[in-house]
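S.K.: Provide a 3D model corresponding to the input given below.
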Amino acid sequence: MADAESQAAWGALDCGFAAVADVFDECYGAAKSVVGPAELPDFLEAARLIGKLGRGAEPLLAFLEHWPGVVAGSGLAQSATLPPVMAAIRRLQKSPNGPAVTPLLQTLGAVAARLRTADALRDYLALALDLAERTALSIHGHHATEPSPSLPDFLRQAPRLLAIVSLAGLKRWLDDGIRLHGGHPERQRAYFSLAAPESLAILQRQREGTLFADVERQLGLTLTALWQDDSPLVPYSTAFADAPRQPYLAADGYRLPDALAERGASAGLDRYRAMLAHLAGHRRWSRPLVADNWSPLQRLAVETLEDARIDTLVMRRFPGLAPLLLALHPKPDENACDPATANTLRHRLACLSRACLDPRHGYRAPLTVEFAGRFRALLAAGEASTRAVAELALAYATRSRQPSDQFAKVHFADTEVDYRDDNRHLWTFIEAGDEEESFAPPPSAAQPEAVGLPPRHYPEWDAATQTELPDWTAVYEALHAAGNPADIDRLLAKHAVLARRLKRLLDLLKPQERVRLRFREDGSELDLDVARRAVVDLKSGHQPDSRINVSHRTDGRDISVLLLVDLSQSLNETLPGGGQSILDTAREAVALLGWATAQLGDACAIAGFHSNTRHEVRYHHIKGFSEAWDDGVKARLAAVEAGWSTRMGAAIRHAGRLLSARPSEKRILLVLTDGEPADIDVADPHYLVADCKKAVESLSTAGIATFCLSLDPQADAYVSEIFGRRWRVLDHIERLPETLPMVYLNLTR
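M.R.: Numbers count the residues shown, from 1 in each chain. Predicted coordinates:
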């Protein structure tokens with residue numbers, strides 16, 4: 001030991017771990033520098049207790065190494081922080097979660113630096129203990145006998161989480177994770193370690209400030225209206241330690257952070273507008289420069305004055321943005337740092353940038369005043385250029401150079417203009433690299449992977465928290481496989497009597513207005529005027545127009561209807577008293593409906609869906625809106641099979657997206673189902689019912705009417721909750737072939 005005091009402290013620790021003895025002097029010295037002399041005995045007693053937990057040297061090493069950081073980082077006295085921490089450790093030790101003591105202590109310093117108050121630290125520890133208790137596993141169903149699978153992962157991620165959300169947001173994120181994955185240890189670990197995509201998506205929703213997703217449309221309209229620029233706006237996540245700190249220009253558009261908190265009196269949306277204006281100004285007025293022969297100091301000076309030029313031109317073009325840009329631009333104190341002890345380069349450039357934008361800057365440094373005046377004079381004659389500003393910046397860099405510019409300690413306070421980009425677009429390098437010349441043949445091109453349609457992601461409504469889970473379900477759409485179209489013809493022949501009755505009704509509903517469609521290569525009759533012109537052209541040596549026919553179509557029913565058929569496993573059940581399945585009966589009904597819509601000339605699409613957890617909702621196209629009722633459609637209908645589950649909300653949202661693109665005056669979604677929404681990864685029977693209700697409400701807001709025909713005799717309660725008053729329950733499934741077309745006709749009158 002280094003001295004008598006350290007030896008006495010080591011004796012009080014009563015520890016026999018060699019690994020602890022090797023580092024004790026350094027750790028004790030660090031503790032003495034932040035813990036008052038009166039509190040050192042408490043520190044040593046806490047360390048002694050942790051060393052006696054029976055969990056080896058790791059918890060004690062973590063405490064000795066990280067506790068000084070807890071006290072220094074939080075700025076709190078040890079008396080305010082040590083008691084709640086030790087209480088949490090004792091609770092973990094008495095439970096199966098004792099191994100989590102080490103990760104708790106290892107991250108506590110970074111957590112305390114974020115929280116800064118004793119109350120917040122106690123709340124954080126309470127959240128960790130709550131997670132431990134709610135996710136601990138029980139073999140016998142009464143007492144926790146296995147540790148929480150996710151607590152260590154959460155504790156390791158805690159500093160990163162608290163850098164993104166507040167404690168309140170963290171609690172909501174924890175509650176969502178426990179509720180969604182409480183019974184699935186592997187899913188818990190993926191969620192609380194931030195490895196699952198939905199974990200980051202839900203975390204994003206808990207962030208304070210303005211989310212890019214909420215203002216993307218407004219920003220896009222601003223870019224188009226003010227700059228006549230329709231480049232994409234692409235968000236980047238700020239939830240990672242290596243995320244960009246500034247917006248930037250990229251080949252695929254403008255890159256902006258995915259969330260912005262308000263700053264002073266400037267709201268998050270205003271900060272987005274400032275960033276967008278600055279980036280758009282760069283795209284319009286900046287030109288790249290060759291940077292091979294310039295030092296980092298020179299490049300930084302050029303970037304600063306070029307940014308100031310862009311801001312000046314933006315404020316000149318849109319004077320209303322001037323107060324916003326000046327409010328967001330820092331105004332450093334001219335005497336805030338000492339050039340004898342710190343690198344003041346960034347500080348000097350920040351002062352110069354402010355002076356260039358603000359004539360009432362109040363700075364007195366001769367070089368700042370001189371070059372701000374030269375900058376304004378340069379832009380008084382017009383827009384100037386990137387090259388001209390670069391020459392001015394190089395002159396400033398030469399004349400303002402100081403010996404302290406080489407110091408490693410850089411003064412950063414009030415020097416970052418966060419609405420400005422990182423200027424990566426401003427530089428180009430032409431110097432060849434130093435790589436050795438390679439004479440190896442180029443690698444053979446990899447075989448292209450099979451390309452399929454990527455899934456479309458849709459939110460899902462969580463009734464427990466009254467929030468949407470973003471991008472929660474994945475819908476895979478595909479054209480259904482084909483079977484034998486003759487099977488459908490036989491079904492229609494089976495119902496020939498019903499078809500004749502329907503035909504009489506259809507003739508009454510069929511619109512009588514006929515519209516001539518001229519200039520057709522194929523048609524029902526010859527267009528004499530066009531044919532005569534074609535003959536004249538042919539005899540005069542010109543190329544005749546081959547579109548000499550005319551056809552007709554009926555007009556008067558501006559309707560688009562999508563029939564969405566539940567293809568879950570329950571459709572394979574057979575009907576009482578016969579060998580026919582519910583699926584066979586539904587196929588007959590859909591065939592009659594397809595035939596009826598063809599007689600009317602309505603735009604009708606048919607699709608089926610089923611699901612295998614939220615990660616795989618299958619949406620099968622059977623007939624498109626513009627497809628004729630032909631053998632191709634019949635073949636797909638003949639091949640329909642049932643299986644899996646009924647995640648109806650995702651399918652309704654996808655069908656609504658397709659219907660919303662239709663220009664028809666009347667748009668209807670007709671849902672045919674035989675049971676309650678359900679899936680194998682959902683335990684709460686009401687969860688998917690509430691989600692379906694929300695999906696139907698969203699379609700109603702978009703002007704799409706939704707109607708449900710249910711084959712479940714017990715469906716009244718849940719189907720009325722989902723569809724309101726627009727539903728019907730069919731008690732006798734064998735009557736479906738005649739009922740479904742009649743429901744359609746009543747909806748489209």
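
S.K.: Now tell me what touches the strand or helix carrying residue 168 from outside.
M.R.: Using DSSP states H and E, residue 168 sits within helix 167-181. Here helix 167-181 makes contact (Cβ atoms under 8 Å, 6 or more residues apart in numbering) with 115, 120, 123-124, 127, 130-131, 134-135, 150, 154, 161-162, 165, 187-188, 191-192, 198-199, 202-203, 206-208, 462, 464-465, 469. Where C-beta positions appear, they are placed from N, C-alpha and C, glycine not excepted.

S.K.: Can you tell me which of the residues you listed end up in strands?
M.R.: 462, 469 (DSSP state E).

S.K.: In ChimeraX, how would I select just the buried ones from the contacts of helix 167-181?
M.R.: In ChimeraX syntax, the buried subset of these is picked out as below (16 or more other Cβ atoms under 10 Å):
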select :115,120,123,124,127,131,135,150,154,161,162,165,187,188,191,192,198,199,202,203,206,207,462,469
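
S.K.: residue contacts, residue 102?
M.R.: Taking Cβ under 8 Å, 6+ apart, one finds 55, 58-59, 62 in contact with residue 102.

S.K.: what about residue 293, neighbour count?
M.R.: For residue 293, the neighbour count with other Cβ atoms under 10 Å is 7.

S.K.: Is it part of a helix or strand, or is it coil?
M.R.: coil (DSSP: H, G, I helix; E, B strand; the rest coil).

S.K.: any idea how far residue 748 lies from residue 600?
M.R.: Using Cβ to Cβ, to the nearest Å, residue 748 is found at 8 Å from residue 600.

S.K.: I'd say residue 40 and residue 32 touch.
M.R.: Yes - with contact defined as Cβ atoms under 8 Å, residue 40 counts as touching residue 32 (6.7 Å).

S.K.: sorry, back to before: from the chain's centroid, how far away is the helix holding residue 168?
M.R.: 17 Å (Cα atoms, centre = their mean, to the nearest Å).

S.K.: again with stretch 39-55
M.R.: With Cα atoms, centre = their mean, you get 45 Å for stretch 39-55.

S.K.: got it, and stretch 63-75?
M.R.: The answer for stretch 63-75 is 36 Å, by Cα atoms, centre = their mean.

S.K.: how about stretch 594-603: buried residues?
M.R.: Going by 16+ other Cβ under 10 Å, stretch 594-603 has these buried residues: 594-600, 602-603.

S.K.: Could you do stretch 18-36 as well?
M.R.: Along stretch 18-36, the positions that meet the burial threshold by neighbour count (16+ other Cβ under 10 Å) are 20, 24-25, 27-28, 30-32, 34-35.

S.K.: tell me the mean pLDDT over the helix holding residue 168?
M.R.: Computed over helix 167-181, the mean pLDDT rounds to 90.

S.K.: centroid residue for the chain?
M.R.: The C-alpha lying nearest the average C-alpha coordinate of the chain belongs to residue 201 (Cα atoms, centre = their mean; 5.4 Å).

S.K.: quick one: what helix or strand has residue 728 in it?
M.R.: strand 727-729.

S.K.: Apologies, that question was intended for residue 19.
M.R.: Using DSSP H and E, residue 19 falls in helix 18-34.

S.K.: now the strands for the stretch 201-350 of the chain?
M.R.: 210-211, 233-236, 248-250, 253-257, 259-260, 289-290 (DSSP state E, counting those that start in this stretch).

S.K.: wait, I meant the stretch 551-700 of the chain
M.R.: Counting by DSSP E, counting those that start in this stretch, the strands of the stretch 551-700 of the chain are 559-566, 603-611, 617-623, 666-673.

S.K.: Between the buried residues of stretch 594-603, which sits nearest residue 615?
M.R.: residue 594 (31.4 Å; Cβ to Cβ).

S.K.: Counting neighbours, which bits of the longest helix seen in the chain end up buried?
M.R.: Looking across the chain with DSSP state H, the single longest helix is helix 296-317. For helix 296-317, a neighbour-count test (16+ other Cβ under 10 Å) marks 297-315 as buried.

S.K.: Show me where the stretch 501-650 of the chain dips below the pLDDT cut-off.
M.R.: Filtered on pLDDT under 70, the stretch 501-650 of the chain yields the residue ranges 509-515, 552-556, 578.

S.K.: Which segments of the protein make up each domain?
M.R.: 4-205, 210-428, 518-553, 559-747 (automatic domain parsing).

S.K.: quick revisit: narrow the contacts of helix 167-181 to those in helices?
M.R.: 115, 120, 123-124, 127, 130-131, 134-135, 154, 161-162, 187-188, 191-192, 198-199, 202-203.

S.K.: what residues are up against residue 233?
M.R.: Counted by Cβ under 8 Å, 6+ apart, residue 233 has contacts 212, 216, 219-220, 223, 253-254, 256, 276.

S.K.: do residue 302 as well
M.R.: So residue 302 contacts 289, 294, 389-390, 393-394, 426 (Cβ under 8 Å, 6+ apart).

S.K.: Would you mind measuring from it to residue 394?
M.R.: From residue 302 to residue 394 the distance is 7 Å (Cβ to Cβ).

S.K.: Name the residues contacting each of those two.
M.R.: Joint contacts of residue 302 and residue 394 (Cβ under 8 Å, 6+ apart) are residue 294.

S.K.: Save the buried residues of stretch 18-36 as CSV, and put in distance to residue 89 too.
M.R.: Output for the buried residues of stretch 18-36, formatted as CSV (distance: Cβ to Cβ, whole Å):
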residue, distance to residue 89
20, 17
24, 20
25, 24
27, 18
28, 20
30, 20
31, 17
32, 22
34, 20
35, 18
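
S.K.: any idea of the pLDDT on residue 466?
M.R.: At residue 466, pLDDT is 84.
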